[in-house]
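J.: Fold the following, please.
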Amino acid sequence: MVTHCELGRITLEDFGTVRIAGADAVRFLQGQLSNDVTRLGPEQALLAGYHNPQGRTIALLRLAWLADGELLALLPRELAGPVAQRLSKYVLRANVTVTDVSPAWCVSGLGDRGALEQAEPVELPRSQLPGAHADAQRRVGERLVLCAGGPSGRWLEIAPRTTAAPPAAACESWRLLDVRAGLPQVYAATSAQFVAQMLNLDVLGAIAFDKGCYTGQEVIARAHYRGRVKRRVQRFCTNEAAALAPGALGRLPDGRAFTVVQAARHSDGRCEFLAVTALPGEPPAAEAETGPATVRAEPLDLPYALPA
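T.: A predicted model of the protein is given here:
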């Protein structure tokens, strides 16, 4: 008898896909992204940052292996077109094409139905799911299933879109799981604002410090080897109903200014969020009286330790 895993599926219409294809696809991305793209394979996905020359993160890409010389990158749909266009400028003589293929692929989140609001029931044999370790990947027919990172038992499914896009499902519950996992995201409102380490990409394994050169490497390496990063993503929850979105500015009760990176609302209106702010014990930056308003919020633990 085949054992089934009870799962729920929600459509993540805010995700887009970029296809990188050609004989030089891996070599090309190796010179553009912060992680070691040569590690990609049929059972290995990858999280990587795409940065500008100042080391600031333009986008976070979760790379999936489709076939030899054919990769898919998952990122917010609002950035898929701009990122594909920007990468294409650097192709030069490489045998590679970079294309926004968001309309052709449907991205869904799979997880415990009890943790995902408005999830449709779905059953998959456990043997068809990749392992729960970070960036595990498996092909299931025409679909790719990737471990989503953070809490175990959560996956991203990438499938060819065979019908018109379904009505947008509520993604709040998926974002809440990302927040609780300490997984940042970069949107149009925050693109090119933060150096990689401010987003904890070093802790999340999205930077390979032993690989060759890539755009932004000098700044990212300097922050790693020569100095302590004083502002990083941390997790908070408001004490009262609040509407926070990526890019929103605020000030904590202790005076630290913050910028929201990822946010999700609870059923009672309170907002749980990830924000880049000074580490505890660091003196808050001087703010003008017209600076961001104070937000009543309590710090919450991340599921991983930040560098001392």
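
J.: quick one: low-confidence ranges for the chain?
T.: Filtered on pLDDT under 70, the chain yields the residue ranges 1-5, 123, 125-126, 132, 151-152, 163-170, 284-291.

J.: Domain-wise, how is it divided?
T.: Annotated domains of the chain cover 4-179, 183-300 [automatic domain parsing].

J.: what ranges do the helices span in the stretch 101-250 of the chain?
T.: Per DSSP state H, counting those that start in this stretch, the stretch 101-250 of the chain carries helices over the ranges 172-181, 217-225.

J.: one step back: any chance of the domains of the chain in JSON lines, with mean neighbour count and distance to residue 307 too?
T.: No exception for glycine: its C-beta is placed from N, CA and C like everyone else's. Below are the domains of the chain laid out as JSON lines (neighbours: other CB atoms under 10 Å; distance: least, CB to CB, whole Å):
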{"stretch": "domain 4-179", "mean neighbour count": "18", "distance to residue 307": "17"}
{"stretch": "domain 183-300", "mean neighbour count": "17", "distance to residue 307": "7"}
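
J.: what does stretch 183-194 contact?
T.: Stretch 183-194 has contacts (CB atoms under 8 Å, 6 or more residues apart in numbering) with 52, 54, 56-60, 75-76, 78-79, 82, 149-150, 178, 199-201, 204, 233, 245-247, 259, 261-262, 274, 276.

J.: re the thing from before, possible to save the domains of the chain as TSV with distance to residue 308?
T.: Written out in TSV, the entries for those read as follows (distance: least, CB to CB, whole Å):
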stretch	distance to residue 308
domain 4-179	22
domain 183-300	8
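
J.: which residue packs closest to residue 176, ignoring adjacent ones?
T.: Once flanking residues are discounted, residue 176 sits nearest to residue 264: 3.8 Å by CB to CB, 6 or more residues apart in numbering.

J.: With residue 133 instead?
T.: Take residue 133 and drop its neighbours on the chain: the residue closest to it by CB to CB, 6+ apart is residue 147, 6.5 Å away.

J.: Bridging across strands, which residues link to the one you found?
T.: residue 155 (DSSP bridges).

J.: how far away is it from residue 156?
T.: To residue 156, residue 147 is 8 Å away according to CB to CB, to the nearest Å.

J.: Show me what whichever helix or strand residue 275 is part of is packed up against.
T.: When secondary structure is defined using DSSP states H and E, the element that contains residue 275 is strand 270-278. Other helices and strands packing on strand 270-278, by 3 or more CB pairs under 8 Å, 6 or more residues apart in numbering; DSSP states H and E, are helix 172-181, strand 231-241, strand 257-265.

J.: follow-up on the earlier one: pipe the helices of the stretch 101-250 of the chain into JSON lines and attach distance to residue 44 per row.
T.: Written out in JSON lines, the entries for these read as follows (distance: least, CB to CB, whole Å):
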{"stretch": "helix 172-181", "distance to residue 44": "20"}
{"stretch": "helix 217-225", "distance to residue 44": "22"}
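
J.: for the residue lying closest to residue 136 once chain neighbours are set aside, what are its contacts?
T.: Once flanking residues are discounted, residue 136 sits nearest to residue 130: 3.7 Å by CB to CB, 6+ apart. When contacts are counted by CB under 8 Å, 6+ apart, residue 130 touches 43, 136, 137, 138, 145, 146, 147, 155.

J.: How much space separates the residue nearest to residue 176 from residue 178?
T.: The gap separating residue 264 from residue 178 is 8 Å, by CB to CB.

J.: Nearest to residue 21 among the helices of the stretch 101-250 of the chain would be which one?
T.: helix 217-225 (24.8 Å; CB to CB).

J.: Where does residue 9 sit, in terms of helix or strand?
T.: Using DSSP H and E, the secondary-structure element containing residue 9 is strand 4-11.

J.: Parallel or antiparallel, list what pairs with that strand.
T.: Here strand 4-11 is paired, per DSSP bridges, with strand 105-111 (antiparallel), strand 120-125 (antiparallel).

J.: Is it correct that residue 238 is in contact with residue 250?
T.: No - here residue 238 does not reach residue 250: they are 9.5 Å apart, not a contact under CB atoms under 8 Å.

J.: so what sits against both of those two?
T.: Contact with both residue 238 and residue 250 is made by residues 244, 295, 297, according to CB under 8 Å, 6+ apart.

J.: Output those as TSV; include the columns distance to residue 7.
T.: What follows is these, written out as TSV (distance: CB to CB, whole Å):
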residue	distance to residue 7
244	29
295	35
297	33
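
J.: From these, which land in strands?
T.: Mapping those onto strands (DSSP state E) picks out residue 297.
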